[in-house]
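**Student:** have a look at this prediction, sequence included:
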Amino acid sequence: MRNDLGIIAENRRPAIICGIIVLLMFPVIFQLNGQSENQSLVSLDWDQNQWRQGEMKEVVRFHCLDSSQLQIDALLEINTNSKGSFEAFNVKTPYIDGVDVTNFGHGRNLGVMFDPAPGQGLSKVSVKLKFSRPVQYLGFTISDIDAAEGRLDSVVIFGNESEVFPNLSVQSKNPTVTVIRNSAVAVGGTSGSSQTGSAYGGESNGDVLVSFGDEYLDSITVLYYEASRNEDPMARGIGLFGDLSFQLARLYPMNLLKFGVVLDENCRPVVRWASNQEYAIDEYVVEYSYDGYNFSRAAAISAKNQYSQEIDYELAVNRDLNTDNYFRLVKVDSDGDQEILTSESISGSACFHFTNVNIYPNPSSGNYVYVEIEATEQKPTEIAIIDQYGALLVQTRYDLKRGRNLFKLESKHLIPGVYNLRFTIDQEVVSKRVSIVD
C-alpha cells in the first residue's frame, strides 16, 4: 500500500467526521500563545474507528472539516519491525494487566500496546500522523509512561521527519516520568492509584503534555520503546494523542525554487527541481515535447508534501533526444487539477551520430527548402514534415553518405505557418523548425 495521502481504498476504513472543538473548552491545553481567535481547533475522534488487532501495521484515514469547511485528511500509521505481539486500540481497551479498563489515561487516547518477543527487550513501535495540509498549534497528551519489573517506558517525539521538536511538560507533582528535550523516560514506579499502570480515575502521574506551538507541521511521529533488561519483557502500553487538537495553518502558495535538465553519461535527460511550501499535491509530472507545442507525459513522481522544508527532486526520463528538446513541470493536486509550473529546453546534438543539420532558407517563400546534413557514417534517414498541431503531412526517405549531404524538399504545397522537419536515424531523432511564408 502506498504511504501517501492520495491513495487509500475507500472501504478500507470508515470515514470519520471530526468534531469542532471550541477553544475555551480546553483552557489548559497546548500553550496556544498567539493563536488567531477566528480559527477553530480540530480534533480527531479515535473512539469511533475500528482497529485491527495483533498485526504489525495499522493504517487509518480520517476526514476532518474545520468551521470554515476546509477539509483535511489525517493518515495514521503504526508499525514495528520488532518481533512480538502488537495491538492498537481506541478508547475502549480490552486488555491491560489482565483487567478491563476504560482507557490508558484521561481524555480521548489511542491505546498502543506491544508485547515484545524474547530477546526483543529494546523493541520500538513507530506511530506517525500525517496531514494532507499543514497544521499549527498542535498538542496532545501521552499517558501512562511508567516503569515496572525492570521494564522502562520511553518515548521520543518529533515533527516533520525530525525537523521540528515539541515542548514537553509533566502534569503531576509526583510523576512517574521525566522529560529531556523531546524525550520522555519513565522514572519511579507504576502509574495510577492502583499501581497497575492504568490511570482509572484520570490520574496524571504518568502523563506528558506535548505542545508544538505555532510550528508548521506536515507530520508528527512518536517512537515508543519498551526498554527492558529482561530476556522476555512483559507487555505494556501507553495512551497516545489524548485530547489531540490542532489548527489548520495559514498557508502560502507552493514555491518552485529551482528547475533544470541535465544529461547523464548515457545521454539520457535527468530533470531536477526543488520546492517548498508543498501541501495537498498528489504528484509532479514531467512532460516532453520535440517542438515546444505538443507535450506528452514522460515521467512522474509522488510529491513529498513538506511545507516548511526545501525538498529536492530528481527524475530520470527514459527517452532518446532530438536536436531540440522541451521539458515542462506540471503539478497535480489531490483533486486532479493540473498547473504548469515551468519549462526548459536543451539540445541533444552532442549525442548524435550526425553532427549537424541545417535548413535554409528559413523562413522560406519559395517552392523548396534545402537540407544540409553532416553525417558521421553512411545510413538512411527517415524524413517527416509535421505541422504545428502534430499532424504528419509528408514522410520520405533519404540515404545519407558519410560527410556532407545536400538535398532539397518540396514546400510549395505547404500553407504559410510553422513546421517541424524530423530526421530519424536508427533510434536518434533530430527536429528542425522551419517557417513557410507567402
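**Tutor:** Sure thing, it's come through. Numbers count the residues shown, from 1 in each chain.
**Student:** contacts, neighbours, all on C-alpha from now
**Tutor:** Fine.
**Student:** nearest spatial neighbour of Gly150, skipping sequence neighbours?
**Tutor:** Once flanking residues are discounted, Gly150 sits nearest to Ser228: 5.8 Å by Cα to Cα, 6 or more residues apart in numbering.
**Student:** before we move on, what about Val127?
**Tutor:** If the residues on either side of it in the chain are set aside, Val127 comes closest to Ile78, at 4.4 Å by Cα to Cα, 6+ apart.
**Student:** bridging residues for that neighbour?
**Tutor:** Beta-bridge pairing for Ile78 (DSSP bridges): Glu58, Val127.
**Student:** neighbours of it, just the number please.
**Tutor:** 22 (other Cα atoms under 10 Å).
**Student:** hmm, it is touching Lys130, no?
**Tutor:** No: between Ile78 and Lys130 there is no contact under Cα atoms under 8 Å: 11.4 Å.
**Student:** now for this protein, the helix or strand with the poorest mean pLDDT.
**Tutor:** Ranked by mean pLDDT, DSSP states H and E, the weakest helix or strand in the chain is strand 20-21, scoring a mean of 26.
**Student:** my read is Ala350 is in a helix, agree?
**Tutor:** Yes: under DSSP: H, G, I helix; E, B strand; the rest coil, Ala350 sits within a helix.
**Student:** what's the distance between it and Glu428?
**Tutor:** Computed with Cα to Cα, to the nearest Å, the distance linking Ala350 and Glu428 is 12 Å.
**Student:** looking at these two, which one has more neighbours?
**Tutor:** Glu428 (18 against 11).
**Student:** next, the contact list for the more buried one, please.
**Tutor:** Asp320, Leu321, Asn322, Phe352 (Cα atoms under 8 Å, 6 or more residues apart in numbering).
**Student:** what's across from it in the sheet?
**Tutor:** With DSSP bridges as the rule, Glu428 is bridged to Ile425.
**Student:** low-confidence ranges in this protein?
**Tutor:** 1-41, 43-70, 85-108, 149, 189-203, 235, 353-355 (pLDDT under 70).
**Student:** how does it divide into domains?
**Tutor:** 17-248, 255-349, 352-436 (automatic domain parsing).
**Student:** which one of these is the most hemmed in?
**Tutor:** domain 17-248 (a mean of 19; mean count of other Cα atoms under 10 Å).
**Student:** find the residue at the geometric middle of the chain.
**Tutor:** In the chain, the centroid-proximal residue (Cα atoms, centre = their mean) is Lys304; its distance is 2.6 Å.
**Student:** got a list of what that one touches?
**Tutor:** Counting by Cα under 8 Å, 6+ apart, Lys304 touches Glu278, Ile311.
**Student:** secondary structure element for it?
**Tutor:** Counting by DSSP states H and E, there is no helix or strand that carries Lys304.
**Student:** can you tell me how far it is from Glu310?
**Tutor:** 10 Å.
**Student:** go on, Gln71?
**Tutor:** Using Cα to Cα, we find Gln71 at a distance of 25 Å from Glu310.
**Student:** now do Arg181
**Tutor:** For Arg181, the distance to Glu310 equals 25 Å [Cα to Cα].
**Student:** now Asn420
**Tutor:** Taken as Cα to Cα, the span from Asn420 to Glu310 is 39 Å.
**Student:** how about Gly188: what's its closest non-neighbour residue?
**Tutor:** Thr176 (5.2 Å).
**Student:** then Gly292?
**Tutor:** Nearest to Gly292 is Tyr326, by Cα to Cα, 6+ apart, at 5.6 Å.
**Student:** wait, the one you found touches Asn294, no?
**Tutor:** No: between Tyr326 and Asn294 there is no contact under Cα under 8 Å: 9.6 Å.
**Student:** give me phi/psi at Phe407?
**Tutor:** Phe407 adopts backbone torsions of phi -150, psi 170, taken as degrees, to the nearest 10.
**Student:** also Gly213?
**Tutor:** phi 60, psi -140.
**Student:** and the nearest residue to it once chain neighbours are set aside, helix, strand or coil?
**Tutor:** Spatial nearest neighbour of Gly213, chain neighbours left out: Tyr137 (4.6 Å); criterion: Cα to Cα, 6+ apart. Under the three-state scheme (three-state DSSP), Tyr137 adopts strand.
**Student:** returning to that earlier point: now the residue nearest to Val127: how far from Ile238?
**Tutor:** Taken as Cα to Cα, the span from Ile78 to Ile238 is 13 Å.
**Student:** repeat for Val371
**Tutor:** 77 Å.
**Student:** what's the answer for Ser347, then?
**Tutor:** 60 Å.
**Student:** please apply the same query to Val170.
**Tutor:** In this view, Val170 and Ile238 are 15 Å apart by Cα to Cα.
**Student:** over to Ser365?
**Tutor:** Relative to Ile238, Ser365 is positioned 82 Å away (Cα to Cα).
**Student:** same question, Phe295
**Tutor:** 54 Å.
**Student:** wait, Pro416 touches Asp387, no?
**Tutor:** No: no contact is recorded between Pro416 and Asp387 when judged using Cα under 8 Å, the distance being 10.5 Å.
**Student:** what bridges to Val285?
**Tutor:** Ala300, Val330.
**Student:** hmm, it is touching Val330, no?
**Tutor:** Yes: between Val285 and Val330 there is a contact under Cα under 8 Å: 5.0 Å.
**Student:** related to what we said a few turns ago, ok, the residue nearest to Val127 to Val125 distance?
**Tutor:** 7 Å.
**Student:** next one: Val42
**Tutor:** For Val42 relative to Val125 (Cα to Cα), the value is 26 Å.
**Student:** try Leu244
**Tutor:** 19 Å.
**Student:** do Pro380 as well
**Tutor:** Separation of Pro380 from Val125 (Cα to Cα) stands at 64 Å.
**Student:** alpha carbons of stretch 239-252, in PDB - could you do that?
**Tutor:** Extracted C-alpha coordinates of stretch 239-252, given in PDB (Å, rounded to 0.1, in the frame of the first residue of the first chain):
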ATOM      1  CA  GLY A 239      -2.000   6.200  25.600                       C
ATOM      2  CA  LEU A 240      -1.200   8.500  22.700                       C
ATOM      3  CA  PHE A 241      -2.700  11.700  21.300                       C
ATOM      4  CA  GLY A 242      -5.000  12.300  24.300                       C
ATOM      5  CA  ASP A 243      -7.200  15.400  23.700                       C
ATOM      6  CA  LEU A 244      -5.400  15.800  20.400                       C
ATOM      7  CA  SER A 245      -6.200  19.200  18.900                       C
ATOM      8  CA  PHE A 246      -4.700  21.300  16.100                       C
ATOM      9  CA  GLN A 247      -5.500  24.300  13.900                       C
ATOM     10  CA  LEU A 248      -5.300  24.500  10.100                       C
ATOM     11  CA  ALA A 249      -2.300  26.600   9.300                       C
ATOM     12  CA  ARG A 250      -2.500  29.800   7.200                       C
ATOM     13  CA  LEU A 251      -0.800  28.800   4.000                       C
ATOM     14  CA  TYR A 252       1.000  30.500   1.100                       C
END
